[in-house]
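Peer 1: Output the structure for:
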Amino acid sequence: MNSVLLLFTAGGSALVLYFIATLLRVGRRSKDLPPGPPTVPILGNLHLIPKERPHLQYQKWAEEYGPIYSLILGTKTYIILSTPTAVKDLLDKKSSIYSSRPDIYLGQDVVSDGQRFVTMKYGPMWRSVHKMMHNTLNIQTAVAYIPYQDLENKDMMLAFLDEPEGFRKHVRRYTTSLTTQMVYGFRTTSQHDPRLLKFFENFEEWGKLVTAGSAQILDLYPMLRNLPAFLTPAYQGALKLGKKELELYMLNWMSTKNSIKDGTCHPCFSYDVLKAQKNEGFSDEQAAYIAGSLLEGGSDTTSGTLVGFIQAMMMFPEVQRTAQAQIDRVVGPDRLPTLDDIVNLRYIHACVKETIRWMPTLIIGVPHSNIQEDEYKGYKIPNGSTIVANNWTLNMDPKRNPNPRVFDPTRFENDFQGEKESATNKDENQRQNWIFGSGRRLCQGMHIAERSLFMGMARMLWAFNFERPTDENGVPIPVDIDSFVGGIAVQPEDFEVNIIPRSKEKADIIRNAWKDCEETLLDVETKQWLEVPPGMTFNTAETLKV
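Peer 2: Below you'll find the model as predicted:
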């Protein structure tokens, strides 16, 4: 009896020792991984990630450990890419194995039931949605959206005249209304639209959720997902957010689906979704998230970039004056700039590029994941690693961009590439901006975003001066250009700016341009398009009337 008891005691002790030894191995960096900061058991490097401005710590580590380094966060291996060559070699040249996404348990699995496109793992569903998006966003089809961009921009310009202090809301409506027309076929006519407000409320909540420590801990230590729900309040929050998101996306999808069936919907991405639904039989909930994912991709980052531009013009008035001088020479005082002016407004095009560099809305790139083990520069990259393009460090490299926090469009004075040309250039050193992603995860709508940015910036500078407010003593109010708000996508924290029309004549041109739109293009009551703009033909806009 004693010998049996001793055997069980010895076995139990060995099991405990094995468990402790296994636990202590968690957080260690194996010798064949890229270098990185020293680790501690269980946490790895988790304790070294600051809550505030983590991108600056990522930059310091790049300076210390080189173009590719590793972080061990709990049970997960992170590979950080901090040079154009490293990004090109892995995410572009080996995109066949580096195009998946890591686990985002609460943000993807719980909130959206795995349906959110931007965080969806690589596979048949992702490829199917990607193909649908290509039909809507490819460079040939996208030319048809120019009338939408022109109309929404004029609406924004009018709002700047009438309520300049609400510039963030006006910019947000501008980018969102363009996207709702592309996705659902309807305009978002007011900054107070309940669906607009709910969309941004939900998306901001989602961004904060996925970057919160309570959510990330469930990705870094998957075993914790088995804890009772009352011990993981973030799980309950994710469920509530998922219900709110699905309710909004279903409202958008079902109203559009019904208008397609009764023949009243303008051509849009939802035609493709409905066609695919008929062929493949997926649910309305899936269809709602497919369309909703495109809405997310087209709204937030473009508006954040334009807010960054407004801040840059306020903080670097000499750039504003130079840009306005070129616009005045090329366009003159009697008309609004158009996209046809882009070839003669090289400095404005450079402002677009410099804004994306100076204010990267995806300050740390949306992470990739590799689907098989790889080797690079003699280092092992384990299967299922989290691969991060270190966007801030790439943009702020002083060797490539001297004085990187100075807004200087002349960095791009000889760069006439579009953003897609830049992102796919065989010479990685000819690429300056990374917010649009890499490899197979490259944003398909970047040329649409680029046009919206150019039109927005050119017309803002043609019409307005952006001046820094002063206090009662005439001293400029402090502004921290390095302080950002948001989750995955960021923009400058709140700041005040005086937006002043450059002349009464220009203000009148804006008002008359919008009045002409209202009288000739829009329904008096709904402010929706009376008819499809000329040239707005789609290969999927066939009769689906039931």
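
Peer 1: so what's Lys277 closest to, chain neighbours aside?
Peer 2: To be clear, residue 277 is Gln; Lys isn't right here. Nearest residue to Gln277 in three dimensions, chain neighbours excluded: Ala287, at 5.2 Å (CB to CB, 6 or more residues apart in numbering). All C-beta spots, glycine's among them, are computed from the backbone N, C-alpha and C.

Peer 1: That neighbour contacts Val273, doesn't it?
Peer 2: Yes: counting by CB atoms under 8 Å, Ala287 does reach Val273; the two are 5.1 Å apart.

Peer 1: quick one: which of the two has more around it?
Peer 2: Val273 (27 against 22; other CB atoms under 10 Å).

Peer 1: Please list all residues in contact with that one.
Peer 2: Met132, Trp253, Ala287, Ile290, Ala291 (CB atoms under 8 Å, 6 or more residues apart in numbering).

Peer 1: ditto for Ala389
Peer 2: Leu81, Val87, Leu91, Ile364, Gly365, His368, Trp434, Gly437, Ser438.

Peer 1: Please indicate which of these has the highest neighbour count?
Peer 2: Leu81 (29 neighbours).

Peer 1: one step back: give me the subset of the contacts of Val273 that lies in strands.
Peer 2: When those are checked against strands (DSSP state E), there are no matches.

Peer 1: Of the residues you listed, keep whichever come out buried.
Peer 2: Buried subset of those (neighbour count, 16 or more other CB atoms under 10 Å): Met132, Trp253, Ala287, Ile290, Ala291.

Peer 1: tell me which of those residues is nearest to Lys60?
Peer 2: Ile290 (39.7 Å; CB to CB).

Peer 1: about what we covered before: Thr188 versus the residue nearest to Gln277, what's the distance?
Peer 2: Per CB to CB, to the nearest Å, Ala287 is found 20 Å from Thr188.

Peer 1: and the nearest residue to Val307 once chain neighbours are set aside, what does it touch?
Peer 2: Using CB to CB, 6+ apart and skipping the chain neighbours, the partner closest in space to Val307 is Gln491 (4.9 Å). Contact analysis of Gln491 by CB under 8 Å, 6+ apart lists Ser303, Gly304, Thr305, Val307, Gly308, Met359, Thr361, Phe484, Val485.

Peer 1: Now, the residues you listed that are in strands?
Peer 2: Going by DSSP E, the strands hold Phe484, Val485 from these.

Peer 1: I'd like to know which of the contacts of Gln491 are buried.
Peer 2: Neighbour counting over the contacts of Gln491 (16+ other CB under 10 Å) leaves Ser303, Gly304, Thr305, Val307, Gly308, Met359, Thr361, Phe484 as the buried ones.

Peer 1: Buried ones in the longest helix anywhere in the chain, by neighbour count?
Peer 2: If you go by DSSP state H, the chain has its longest helix at helix 284-315. For helix 284-315, a neighbour-count test (16+ other CB under 10 Å) marks 286-315 as buried.

Peer 1: average pLDDT across it?
Peer 2: Throughout helix 284-315, pLDDT has a mean value of 92.

Peer 1: What residues does the closest residue to Trp61 other than its chain neighbours make contact with?
Peer 2: Closest residue in space to Trp61, ignoring its immediate chain neighbours: Tyr69 at 5.8 Å, by CB to CB, 6+ apart. Residues in contact with Tyr69, defined by CB under 8 Å, 6+ apart, are Pro34, Pro35, Gly36, Trp61, Ala62, Ile79, Ile80, Ser82.
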